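1. pasted the sequence and its predicted model underneath.
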Number of protein chains: 2
Amino acid sequence: MIKNKEITSRDENFADWYTNIVQKADIVDYSSIKGFNILAPLGCALWENIQNFLNKRFKETGHQNVMMPVLIPESLLQKEADHIEGFAPETALVCEAGGEKLAEKLCVRPTSETLFCDYYSKIVKSHRDLPKKYNQWCSVVRWEKETRPLLRGREFWWQEGHTVHASKQEAEEETMQMLKIYQELFENVLAIPVIVGKKTKKETFAGAEYTLTVETLMYNGVTLQSATSHYFGENFSKPFNITFANKENKLEYAKQTSWGITTRTLGAIVMVHGDDNGLVLPPRVAPNQVVIIPIKNTENVLKTSKQVEEALKKADISNFTDTTERSAGFKFAEHEMKGVPVRIEIGEKDLEAGVITIVRRDTLQKSTLPLDENLAENIKKLLDDIQTNMFQTAKKRMEEKTFTAYSLEEMEKIISTTPGFIKTMWCGDQACEDKAKKKFAIKSRCMPFKQEKIADKCAICGKEAKYLVIWGIQY
Amino acid sequence: MIKNKEITSRDENFADWYTNIVQKADIVDYSSIKGFNILAPLGCALWENIQNFLNKRFKETGHQNVMMPVLIPESLLQKEADHIEGFAPETALVCEAGGEKLAEKLCVRPTSETLFCDYYSKIVKSHRDLPKKYNQWCSVVRWEKETRPLLRGREFWWQEGHTVHASKQEAEEETMQMLKIYQELFENVLAIPVIVGKKTKKETFAGAEYTLTVETLMYNGVTLQSATSHYFGENFSKPFNITFANKENKLEYAKQTSWGITTRTLGAIVMVHGDDNGLVLPPRVAPNQVVIIPIKNTENVLKTSKQVEEALKKADISNFTDTTERSAGFKFAEHEMKGVPVRIEIGEKDLEAGVITIVRRDTLQKSTLPLDENLAENIKKLLDDIQTNMFQTAKKRMEEKTFTAYSLEEMEKIISTTPGFIKTMWCGDQACEDKAKKKFAIKSRCMPFKQEKIADKCAICGKEAKYLVIWGIQY
């Protein structure tokens, strides 16, 4: 336990530290049903900023938002065989409504492929109707046994894009385009480095031809599947009969994709950047980039605070002044816990010297800045510097925690001593994946797009290797 | 049926006209479950614009967004007696999940008072924690018998604000403040005139002390309850035990409010402004204020279209160019159906004369504008003029359809010949409301804030009158 903070130290017990931070920073709270969380004000504001970034990119690339029903008839969910096999064990079923037993049970949506496909089968008739590129923001319900705030919940919030195309090529380009948008979100906005690649057949989404993925690494070396983009081919268009008349007026099955990220992204922000003082937010996603704290609420200090607040707002730097009746020290701790990237302290002594005190959240370094017409510009530079530094720090850590193994023994040693990403060569046989999972409870994360040939033989069976694969313990 | 449009005329069959428009304009579509609709791209974009406006106002007035679970334990829903009595008959219940029967059934949220109260009872302890002003955007499920797209659905989308305050005065001010924000949305953004007032006891929300309401009138004279704001007093804080230590360190029950609007607002936009050519959108809520249609896709026309598009974008006028391979006439009809406020036609002949053709959607008037540096400015003025004209047209209609009655006979005559708002004096006795409802299937809409004394006696029983009341047939 860290003094005066009532939180566990990150290096002492990472799981407890995480649970402390997400609650104390107002990201998430527990409801009275197991596995159902409340997205608290800061969590919701972060999610809205992620929404804003993605909605902009989605619109630029020709997508439209829609909203689908929260319930799915059981018979509709069962139309695609692999899909229902993947989701059936986790469904929550409505059996009564309006005071009566229902003739057919309705499933609270675990994902909406079937709803979108049902809709597309109605509205797609000709090649002129294609492509259709729809997305929705909603929550989904999956009855998980083990739950953990944001990372594995019985309900979580997400965005699910579902598109229909006339050609395989166009659909595959869409699948890759959306993965790149997610990569941009993680690297450029959330300051989280990633490995991008293709899932093995075993880890492919239920019903997809293949799945592309964004994989990230947490502070403790555990990996997190952070965004996925699936190419469906005709796997859904056949059972759902999504056909279109092509230019020669012949009926063809449409090609489809789907792609999504969830509120577990908020968990990644916490687990990549957080420290023993709490959350650390990258400036580009922080709802408030700066908090101004008047050391004492004297007239002169309050007037200057107001001036600084307005100057920053004019320069599009989000900020607010904390004028609540609590000690400055209490406020410092609270806004550190909530991860505000920059703290400005305004006190009488500093004002006499014509300066204000600046504390950056990533390093906790203290400095002063002259109170002049360049202030907003200087804070802007500082915010850019924090964003870059946070990404570089996380990248360095990821590189240090990415290991290479050439045998089962080497894999085992890494997992038991210094968990992280493990690179090995692989023969492509699922039996080897099953073996690794059974022995060390690790899964293949992906076959990265950047393939290297680090050996000739599969690290698990010793047969001829086909792919470079990344492994890891996962949330 | 209107020639070439496959839609019913508004004056011929209003209900059919409405159902045609909402689907053909891509606002809403049917799913495979009765009463569960799909919010299609245009409906979703309109709802997002309403969200943007309200989120801005909510934040300016110190509110924060959160997200609550989609399921509520039955026992939690039953904590406030009036509340459960109001909602129990319409609930949808999850009885099985994760392959097992649940020990306690879970209700798909019909509204979230109980979830917010449960949360507040945990996080509110001292007067320093107050006020708490949270809001959420989500969908809710109520198992209605009769359904109609957007107006009455088994699922609809809404926003629900829930606040907790230390004093009655502050909570009552909040109730009124939020009503005024809704009034601003309807009048200034959606160009829909309103009557604002207080609901009678009979029409008050289940569990509230009183309900304030925004009432609107559709083209056909039917009224629509369009937004409500409730003062709860201690009705929820008592059963949920939401207490705080006041400044004298004594425990007090908190005072609460809640307020919301739903996607039925989109139905109001259709039914107030739409015409026989389709939807008519007020510029301030239209996702695209202008559509540019090249009459032929020649190089010169396309180049000019691009220039106009960019000039308008620079002036913050949302617009797009329709370059799809369909006839100009087809495009005119489609974008009229979708209600785009201004159409710009760009053709070779016009370009030779240095002008472009403009068609405003509200009046369908055609004119030309010079293709010069004032174009964006001129379009801006035109959009303002359309916004004002749409509000004035709707206001004039509402005034013409607001009637005064002094007896039951007069009320009956108005309802059976020219439905609309009916003003009468009322004694304040619920028996009179019951009588009116039983005889003419009308309900009191509200006791308007602007009280007048138009007679001494209650129009229904003839006893001494206490209030001016507005009545109407309702959706």
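-> Nice, I can see it. Residues are numbered from 1 along each chain as shown, chains lettered A, B, ... in the order given.
2. mean confidence for stretch A:411-421?
-> Taken as a whole, stretch A:411-421 carries a mean pLDDT of 94.
3. run the chain-centre distance for the lowest-mean-pLDDT helix or strand in chain A.
-> Using mean pLDDT, DSSP states H and E, helix A:81-87 stands out as the lowest-scoring helix or strand of chain A, at a mean of 77. Chain-centre distance of helix A:81-87: 24 Å, with CA atoms, centre = their mean, to the nearest Å.
4. quick one: buried residues of that helix?
-> A:His83, A:Ile84, A:Phe87 (16 or more other CB atoms under 10 Å in any protein chain shown). Every residue, glycine included, has its C-beta placed from N, CA and C.
5. okay but the first one is in contact with A:Gly207, surely?
-> Yes: taking CB atoms under 8 Å as the contact criterion, A:His83 and A:Gly207 are neighbours in contact, 3.9 Å apart.
6. can you list residues touching both of these two?
-> Common contacts of A:His83 and A:Gly207 (CB atoms under 8 Å, 6 or more residues apart in numbering or on different chains): A:Glu113, A:Phe236.
7. pretty sure A:Ser237 sits against A:Cys117.
-> Yes: contact criterion CB under 8 Å: A:Ser237 and A:Cys117 qualify, at 7.4 Å.
8. between the two, which one's more packed in?
-> A:Cys117 (26 against 23; other CB atoms under 10 Å in any protein chain shown).
9. show me what contacts that one?
-> Counted by CB under 8 Å, 6+ apart, A:Cys117 has contacts A:Lys79, A:Glu80, A:His162, A:Phe236, A:Ser237, A:Phe240, A:Ile242, A:Gln256.
10. and it, what element?
-> helix A:113-123 (DSSP states H and E).
11. so the following helix or strand past that helix, near chain B or not?
-> Next in sequence after helix A:113-123, counting helices and strands by DSSP H and E, comes strand A:132-141. Yes: Strand A:132-141 is in contact with chain B by CB under 8 Å from any CB of the partner chain, via A:Tyr134, A:Cys138, A:Ser139, A:Val141.
12. adjacent strands (with direction) for strand A:132-141?
-> In the sheet, strand A:132-141 lines up against strand A:64-65 (parallel), strand A:155-165 (antiparallel) (DSSP bridges).
13. gap between the longest one and the chain center?
-> Read it as strand A:155-165. Distance, stretch centre to chain centre, for strand A:155-165: 14 Å (CA atoms, centre = their mean).
14. pLDDT of that strand, averaged?
-> 98.
15. buried sites along it?
-> By 16+ other CB under 10 Å, the buried positions in strand A:155-165 come out as A:Glu155, A:Phe156, A:Trp157, A:Trp158, A:Gln159, A:Glu160, A:Gly161, A:His162, A:Thr163, A:Val164, A:His165.
16. following the chain onward from it, which element is next?
-> Next along from strand A:155-165, by DSSP H and E: helix A:168-184.
17. just checking, next helix/strand downstream of that next one?
-> Toward the C-terminus from helix A:168-184 - assigned by DSSP H and E - lies strand A:195-198.
18. show me where the stretch 1-150 of chain A has strands.
-> Secondary structure of the stretch 1-150 of chain A (DSSP state E, counting those that start in this stretch): strands at A:28-30, A:37-39, A:64-65, A:71-73, A:92-97, A:100-108, A:132-141.
19. dump those to a markdown table, plus mean pLDDT and mean neighbour count.
-> Formatted as a markdown table, the strands of the stretch 1-150 of chain A follow (pLDDT from 0 to 100; neighbours: other CB atoms under 10 Å in any protein chain shown):
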| stretch | mean pLDDT | mean neighbour count |
| --- | --- | --- |
| strand A:28-30 | 96 | 19 |
| strand A:37-39 | 97 | 26 |
| strand A:64-65 | 98 | 19 |
| strand A:71-73 | 95 | 24 |
| strand A:92-97 | 96 | 21 |
| strand A:100-108 | 95 | 17 |
| strand A:132-141 | 98 | 22 |
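20. what's the closest of those strands to B:Phe449?
-> strand A:37-39 (35.6 Å; CB to CB).
21. show me the contact partners of that closest one.
-> A:27-31, A:47, A:149-150, A:153, A:155, A:157, A:263, B:66-69, B:115, B:119.
22. hang on, A:Asn235 packs against A:Glu80?
-> Yes: using CB under 8 Å, A:Asn235 is in contact with A:Glu80, at 6.6 Å.
23. shared neighbours of those two, anything?
-> Common contact partners of A:Asn235 and A:Glu80 (CB under 8 Å, 6+ apart): A:Gly207.
24. wait, is A:Asp350 part of a helix?
-> Yes: assignment of A:Asp350 by DSSP: H, G, I helix; E, B strand; the rest coil places it within a helix.
25. burial count for it?
-> 18.
26. right, and it touches A:Ser367 too?
-> No: counting by CB under 8 Å, A:Asp350 does not reach A:Ser367; the two are 11.7 Å apart.
27. which residues do those two both contact?
-> The contact lists of A:Asp350 and A:Ser367 share A:Thr357, where a contact means CB under 8 Å, 6+ apart.
28. can you pull out the helices in chain A?
-> Assigned by DSSP state H, chain A shows helices spanning A:14-24, A:41-60, A:74-77, A:81-87, A:113-123, A:168-184, A:264-273, A:299-314, A:328-337, A:348-352, A:375-400, A:408-417, A:430-440.
29. close to chain B: what parts of the stretch 151-300 of chain A are there?
-> A:Glu155, A:Trp157.
30. for A:Lys101, list each beta-bridge partner.
-> Taking DSSP bridges as the rule, A:Lys101 bridges to A:Glu96.
31. doesn't B:Ala92 make contact with it?
-> No: here A:Lys101 lies out of contact with B:Ala92, judged by CB under 8 Å, at a distance of 11.9 Å.
32. what pLDDT does A:Thr424 get?
-> For A:Thr424, pLDDT reads 98.
33. try the one 3 residues further on
-> A:Cys427 carries a pLDDT score of 97 in this model.
34. mind listing what it touches?
-> A:Cys458, A:Ile460, A:Cys461, A:Lys463, A:Glu464, A:Ala465, A:Lys466.
35. I'd like the distance between the third one and A:Trp426.
-> Spelled out, that is A:Cys461. Distance of A:Cys461 to A:Trp426, given as CB to CB, to the nearest Å: 9 Å.
36. for the fifth one, same thing?
-> Between A:Glu464 and A:Trp426 the distance is 10 Å, computed by CB to CB.
37. overlap of the contact sets of the two?
-> A:Cys458.
38. which of these two has more residues huddled nearby?
-> Shown here are A:Glu464 and A:Trp426; by other CB under 10 Å, A:Trp426 has more neighbours (25 against 11).
39. in stretch A:321-330, what's buried?
-> Result for stretch A:321-330 [16+ other CB under 10 Å]: buried residues A:Thr321, A:Asp322.
40. what lies in contact with that stretch?
-> Stretch A:321-330 is contacted from outside by A:291-297, A:302, A:305-306, A:309, A:331, A:335, A:345, using CB under 8 Å, 6+ apart.
41. let me know how buried A:Ile358 is, in neighbour terms.
-> A:Ile358: 19 surrounding residues under other CB under 10 Å.
42. distance of A:Glu90 from chain B?
-> In this view, A:Glu90 and chain B are 6 Å apart by CB to the nearest CB, to the nearest Å.
43. also A:Ile192?
-> 22 Å.
44. looks like that residue contacts A:Gly267 (just checking).
-> No: at 11.3 Å, A:Ile192 does not count as touching A:Gly267 under the criterion of CB under 8 Å.
45. give me the pLDDT for the spatially most central residue of chain A.
-> Centroid-nearest residue in chain A: A:Thr265, 2.3 Å away (criterion: CA atoms, centre = their mean). A:Thr265 is assigned 98 on the pLDDT scale.
46. which residues touch it?
-> Applying CB under 8 Å, 6+ apart, the residues contacting A:Thr265 are A:Ile50, A:Leu190, A:Ser226, A:Ala227.
47. what's the spacing between it and chain B?
-> Going from A:Thr265 to chain B by CB to the nearest CB gives 14 Å.
48. same check on A:Val291?
-> 16 Å.
49. specify the beta-bridge partners of that residue.
-> Assigned bridge partners for A:Val291, using DSSP bridges, are A:Phe320, A:Arg343.
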